[in-house]
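Q: Whatever this is, show me its structure:
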Amino acid sequence: MNFNTFREKINHFRTKELGGLDAQFKMAPELRLRYNKNKIDAQHPKKAAVLALFYPNQKEQTTFLLTQRASYKGTHSAQISFPGGKIEKSDKSLQETALREAYEEVGVAQQKIEIFRELTDVYIPPSNFLATPFLGFSEQKPIFQINHEVANIIEVTTDELLDDSNITSVNLTTSYMKNIDVPCFKINNHIIWGATGMMLSEIKELLNS
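A: Have a look, this model is predicted:
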């Protein structure tokens, strides 16, 4: 999608009905499907927020940013995600959390970003977080400066996200599950699954609307 076309559709994206859980569950691991609202509420999940940031690349294609987490002794080591993290006491809102985390992790200043939509919360069972995704855009490609939490940045065009041939499944073993087939996006040899895959599924439906 050309970035000018994307910009022209922003107001549509602001008001279009979201796909919600139906969209997310198309890419949900079996583990996540076991949790309904009552079961999630009973876990008293921690609140978090992430940012899906859209911007033009050098070819004026609409592009968004993902990050590969640094390796560490934790549940989501080396996984692919949006910039984001848990809410801090100093944050006035989850939107502020998403913007702060984007600045801390990849160096994009809040003044450069316009938030245009909040998506459906995604529950993440292994770490007991309830993450709220926000969509934002920047008029120009940012100069990214990653911190210690990020191993690599991954740039994906909306055309790659919208290409159904990039949807597949993969067998994974992690610290909390063994030999499980999970739906995923496979883009530029990156496997994107779990909560991030669920968020991308809802974003994909919104962009296709």
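Q: For this structure, give me the ranges with low pLDDT.
A: 71-78, 174-177 (pLDDT under 70).
Q: 90 instead, please
A: 29-37, 69-79, 125-127, 147-151, 170-182, 188-189 (pLDDT under 90).
Q: can you point me to the longest strand in it?
A: strand 46-56 (DSSP state E).
Q: Packing partners of that strand?
A: On a contact count with 3 or more C-beta pairs under 8 Å, 6 or more residues apart in numbering; DSSP states H and E, strand 46-56 meets helix 3-8, strand 62-69, strand 84-86, helix 94-106, strand 129-137, helix 194-208. For the C-beta atoms, the positions are set from N, CA and C on the backbone; glycine is no exception.
Q: same thing but 6 Å
A: When contacts are defined as 3 or more C-beta pairs under 6 Å, 6 or more residues apart in numbering; DSSP states H and E, strand 46-56 packs onto strand 62-69, strand 84-86, helix 94-106, strand 129-137.
Q: Let me have the ones you listed in TSV, extended by distance to Thr15 and mean neighbour count.
A: As requested, these are exported to TSV (distance: least, C-beta to C-beta, whole Å; neighbours: other C-beta atoms under 10 Å):
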stretch	distance to Thr15	mean neighbour count
strand 62-69	19	21
strand 84-86	24	20
helix 94-106	18	22
strand 129-137	13	24
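Q: Select, out of the ones you listed, the one closest to Lys39.
A: strand 129-137 (12.3 Å; C-beta to C-beta).
Q: Can you tell me what sits against that closest one?
A: For strand 129-137, the external contacting residues (C-beta atoms under 6 Å, 6 or more residues apart in numbering) are 45-54, 94-95, 98, 113-119, 121-123, 199.
Q: On the C-terminal side of it, identify the next helix or strand.
A: Under the assignment DSSP states H and E, the closest C-terminal helix or strand after strand 129-137 is strand 150-157.
Q: Relative to the whole chain's centre, how far out is that next one?
A: Strand 150-157 sits 12 Å away from the centroid of its parent chain (C-alpha atoms, centre = their mean, to the nearest Å).
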